[in-house]
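Participant: Pasting the sequence and the predicted coordinates here, then a few questions.
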Amino acid sequence: MKKKNVAVVMGGYSDEYKVSLKSGQLIYDSLDRDLYNVYKVVILKDEWYFVDDRDQNLPINKADFSVTLESDYKVKFDVCFNIIHGKPGENGELQAYWDTIGQKYTGCGFYQSALTFNKKDTLAVLSKYGIPSAKSVYLRKGDSYNADEIIAELNLPLFVKPNQSGSSLGISKVKVKEDFAKAVDFAFAEDDEILIESFLNGMEVSVGVVDFNGETIVLGITEIVPHKEFFDYEAKYEGASEEITPARIDEETRKKVEEIAKKAYNSLGMSGFSRSEFIIMNGIPYMLEMNTNPGFSPASILPQQAKIYGISIKDLCGNEVEKALQKN
């Protein structure tokens, strides 16, 4: 049987590209070489390039997402393994482009990707399915707002966060009114839309969900214990948090979290890796967001959960490629 060509596509346009390169390396190393010819493709703002076996960079032809090697041999990919965090791989842009040129890829489609990248819209859709979230106020850049009214509605402390940004960038926890305007400006530096959310005083958990061998499964529930005020970029990627898998919750709560995480995944018509964040307060899981291309470096939560669940990274990644090959 002829081996399929798989491009592991990594990088991205945001500060998360460094994490994506690590995630891409793990997937590149893990895919079965008996089944696939595995290649690296890096997408950055300034250039899209293929990395050859001598670590030379060759340009990607954007007309059909191919590469021409020095021998004038053109390589087309049977599947693109999308592991870009943030734009353009986690907001639907890349998927829409691949759909246009007929390129198969892993993970969810452009609609699910674009929707889940927008926290406000995701939570609004999921509320129709009975999935609770924090009380919030939405602002666009340039909107006038009354800090006193917002604080009166949501109470202090509260969170201010970009509506469309990954990796907890631009988030602030506001404890006193004097810090409110600064937090709003900080969030607007990351995105033109922001969410101001009421504080949920409970345990934060991160839940990995994937469709594996035709079934939606919860890989694990990880308890997040930040060493700082909350689970920000530093806590997420620079070791300033403790991640406990499985989370220290009772059986009834575990079942409730698993049920809601699966319901959210299936309600949105998801496919591929996902990691949802919840705050459990008084036994009720409140959803914060869903990530469709979560971190996949060796230190990331999803690979740790898969290991505990008993699925190897090789099988987890191979499952994604096989699903993508079967797409129309």
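Facilitator: Yep, it's here.

Participant: buried stuff in stretch 68-86?
Facilitator: Applying a neighbour-count criterion of 16 or more other CB atoms under 10 Å, one finds 77-86 buried in stretch 68-86. All C-beta atoms are positioned from the backbone trio N, CA, C, and that covers glycine.

Participant: Alpha carbons of that stretch, in CSV - could you do that?
Facilitator: Output of stretch 68-86 as CSV, limited to C-alpha atoms (Å, rounded to 0.1, in the frame of the first residue of the first chain):
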residue,chain,number,x,y,z
THR,A,68,8.4,21.7,-5.5
LEU,A,69,11.6,20.1,-4.4
GLU,A,70,15.0,20.9,-6.0
SER,A,71,14.7,17.9,-8.3
ASP,A,72,11.5,19.6,-9.8
TYR,A,73,9.5,16.9,-8.1
LYS,A,74,6.1,18.3,-6.9
VAL,A,75,4.8,17.1,-3.5
LYS,A,76,1.1,17.3,-2.8
PHE,A,77,-0.2,16.3,0.7
ASP,A,78,-3.0,13.7,1.2
VAL,A,79,-3.7,15.3,4.6
CYS,A,80,-2.6,18.4,6.5
PHE,A,81,-2.3,17.9,10.2
ASN,A,82,-3.4,21.3,11.6
ILE,A,83,-1.7,22.1,14.9
ILE,A,84,-1.6,25.9,14.6
HIS,A,85,-2.7,27.7,17.8
GLY,A,86,-4.4,31.0,17.3
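
Participant: Which pair in the buried residues of stretch 68-86 has the greatest spatial separation?
Facilitator: Greatest spatial distance among the buried residues of stretch 68-86 (CB to CB): 78 and 86, at 25.6 Å.

Participant: where does the stretch 101-250 of the chain have low pLDDT?
Facilitator: Low-confidence segments of the stretch 101-250 of the chain (pLDDT under 70): 166-168, 228-240.

Participant: And the strands in it, which stretches?
Facilitator: 136-140, 158-162, 172-174, 193-198, 203-212, 215-226, 241-244 (DSSP state E, counting those that start in this stretch).

Participant: which other residues reach the fourth one?
Facilitator: To tie it back to what came earlier, the one meant is strand 193-198. Contacts of strand 193-198 with the rest of the structure, by CB atoms under 8 Å, 6 or more residues apart in numbering, involve 119-120, 134-141, 150, 154-155, 158-164, 184, 187-188.

Participant: The first one too?
Facilitator: The contact list for strand 136-140 (CB under 8 Å, 6+ apart) reads 120, 123, 145, 150, 153-154, 163, 184, 192-198.

Participant: what about the helices in the stretch 51-200 of the chain?
Facilitator: In the stretch 51-200 of the chain, the helices defined using DSSP state H, counting those that start in this stretch lie at 93-101, 110-117, 119-127, 147-154, 180-188.

Participant: buried set for the fourth one?
Facilitator: Of all the residues in helix 147-154, those buried under the rule 16+ other CB under 10 Å are 150-151, 154.

Participant: Give the other helices and strands that the helix or strand where residue 302 lies contacts.
Facilitator: Assessed by DSSP states H and E, residue 302 sits inside helix 301-309. Contact analysis of helix 301-309 by 3 or more CB pairs under 8 Å, 6 or more residues apart in numbering; DSSP states H and E lists strand 203-212, strand 215-226, helix 313-325 as its packing neighbours.

Participant: Output the ones you listed as CSV; include the columns distance to residue 32 and mean neighbour count.
Facilitator: Conversion of these to CSV gives the following (distance: least, CB to CB, whole Å; neighbours: other CB atoms under 10 Å):
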stretch, distance to residue 32, mean neighbour count
strand 203-212, 16, 23
strand 215-226, 20, 18
helix 313-325, 6, 19
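
Participant: Many thanks, I have nothing further to ask.
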